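Visitor: Here's a sequence, model it:
(one chain, ligands or ions: 2)
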Amino acid sequence: METEVPSSTGSRWSRVASSLPVRNVQDLAACPEEMTAQNLERYIRPDIGVLVEKSSEVPVIDLGKLFNPRFVEEEAARLRFACEDWGFFQLVNHGIADEIITNIRSDIQSFFQLPLEVKCAYAQVPGSLQGYGQSFVVSEGQKLDWCDRFSIIAQPPQARDMKYWPTQPRTFRKSINDYSSELMKIIGSVVHFIAKALNIDLKLMDDKYVSQVLRMNYYPPCMTMAEKVLGLSPHSDASFLTILLEINSVEGLQIKRHNAWITVKPNPKALLVNVGDFLEIMSNGKYKSVEHRVTINANQERLTISAFHFPSLDGVVAPMTTITEERILYKTMGVEEYLKIFMSNKLEGKSALDHAKLS
Ligand SMILES: O=C(O)CCC(=O)C(=O)O
Ligand SMILES: [Fe+2]
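Guide: Ligands and ions are numbered 1, 2, ... in the order given. This next block holds a predicted model:
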């Protein structure tokens, strides 16, 4: 492996996001004899809760309609409602070529099928955010997620450590690169319509989505106690906007709504977009960064790729006084400072957003 020192932006990211090492769950789940009560103890949650609603549909937004003068007004109103009321929407007619989606799906599946040592080797990038395993493991006693993740910085081009990106499967770098670039275009369009909906100058949002971190999530099935573990603990995203692609249409994502957990039905044609903490702060709470989590299946694995879009680490995010005549509810937050709070053990059960709220 090459040992060149990654770019300074890369190492700054890694200072923000360090994690304690834990065992890979894909490996654990593949060894029935190791699925002992003792080995599973750190994953079992006493508090999963059963308030699950199945019926409600996450709003669907058609990107084609937003670009069509005949439909734009109606569709923009639906976008506004989705961001205010749900914090989530399914983006259809997004325009990414089928081939690009098919390739990223197939390469992520192949990547997670590689032997553990191979995947781990790709993760050993000194001073970089790139990593394989679980993020956010900050204390020895913490409950663990039933999930393995592989993260990389994908944008901006000068900050990514492309030379360390996996070369297996052979087409992986190209698939990641193509998918990442397409998302940058889409996010630009979505932000354009969000700025319109909020009635603010688009320029004020230009710098809010320049960085993109991709996280590929692998949730193994858990035969023995699927209903007692979580793939991902409840959280809101410390991003401006997140775009999720479900790789294999296996259910698992739940959104908190009116104090119940709503299971999102996979839609292979859609990208799932959600408002992150930075957009909540910027919109002075008008748009909501909603809590979500991932549950586990007994027999089927689930795979997804999350794309988190952020301002640059040097940036700040402040509530836009023009959006609202109401009282300012959030502090001006440095992006790096906020991410450090989000990923640190200083939360003491509070959400990172609480640190951004003015009392
Ligand atoms: O994998 C999923 O369904 C959700 C992932 C997610 O919420 C995240 O990566 O922040
Ligand atoms: Fe998330």
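
Visitor: Next, see if stretch 292-309 gets close to ligand 1.
Guide: Yes. Applying C-beta under 6 Å from any ligand atom, one finds stretch 292-309 touching ligand 1 at His292, Val294, Thr304, Ser306. All C-beta atoms are positioned from the backbone trio N, CA, C, and that covers glycine.

Visitor: One more: stretch 269-284?
Guide: No. Stretch 269-284 lies out of reach of ligand 1 by C-beta under 6 Å from any ligand atom, never closer than 7.9 Å.

Visitor: Buried ones in that stretch, by neighbour count?
Guide: 270-284 (16 or more other C-beta atoms under 10 Å).

Visitor: Centre of the chain to that stretch, how far?
Guide: Relative to the centre of its chain, stretch 269-284 is centred 10 Å away, using C-alpha atoms, centre = their mean, to the nearest Å.

Visitor: What's the end-to-end length of it?
Guide: With C-alpha to C-alpha, to the nearest Å as the measure, stretch 269-284 spans 32 Å from end to end.

Visitor: Around ligand 1, pick out the residues from the stretch 101-250 of the chain.
Guide: By C-beta under 6 Å from any ligand atom, the residues of the stretch 101-250 of the chain that approach ligand 1 are Arg215, Asn217, Leu232, Asp237, Leu244.

Visitor: Point out where this structure drops to low pLDDT.
Guide: Along the chain, the model assigns pLDDT under 70 to residues 1-11, 13-15, 17-18, 50-51, 54-56, 126-127, 322-325, 345-350.

Visitor: mind redoing it with 50?
Guide: Across the chain, the ranges flagged by pLDDT under 50 are 1-6.

Visitor: how about the helices in this protein?
Guide: Secondary structure of the chain by DSSP state H: the helices cover 8-16, 25-29, 37-40, 63-66, 72-81, 98-113, 116-123, 172-198, 277-282, 335-342, 352-356.

Visitor: Of all pairs in the residues of stretch 292-309 next to ligand 1, which one spans the longest distance?
Guide: His292 and Thr304 (11.7 Å; C-beta to C-beta).

Visitor: any common contacting residues for those two?
Guide: Counting by C-beta atoms under 8 Å, 6 or more residues apart in numbering, the shared contacts of His292 and Thr304 are Leu253.

Visitor: which residues does Gly188 contact?
Guide: By C-beta under 8 Å, 6+ apart, the neighbours of Gly188 are Tyr209.

Visitor: do that again at 10 Å, thanks
Guide: Leu202, Met205, Asp206, Tyr209, His309 (C-beta atoms under 10 Å, 6 or more residues apart in numbering).

Visitor: how near is the first one to ligand 1?
Guide: For Leu202, the distance to ligand 1 under the criterion C-beta to the nearest ligand atom, to the nearest Å works out to 26 Å.

Visitor: Just give the number of residues close to the closest residue to Leu232 other than its chain neighbours.
Guide: Using C-beta to C-beta, 6 or more residues apart in numbering and skipping the chain neighbours, the partner closest in space to Leu232 is Val294 (3.9 Å). For Val294, the number of neighbouring residues by other C-beta atoms under 10 Å comes to 21.

Visitor: Having no further points to raise, I will conclude here.
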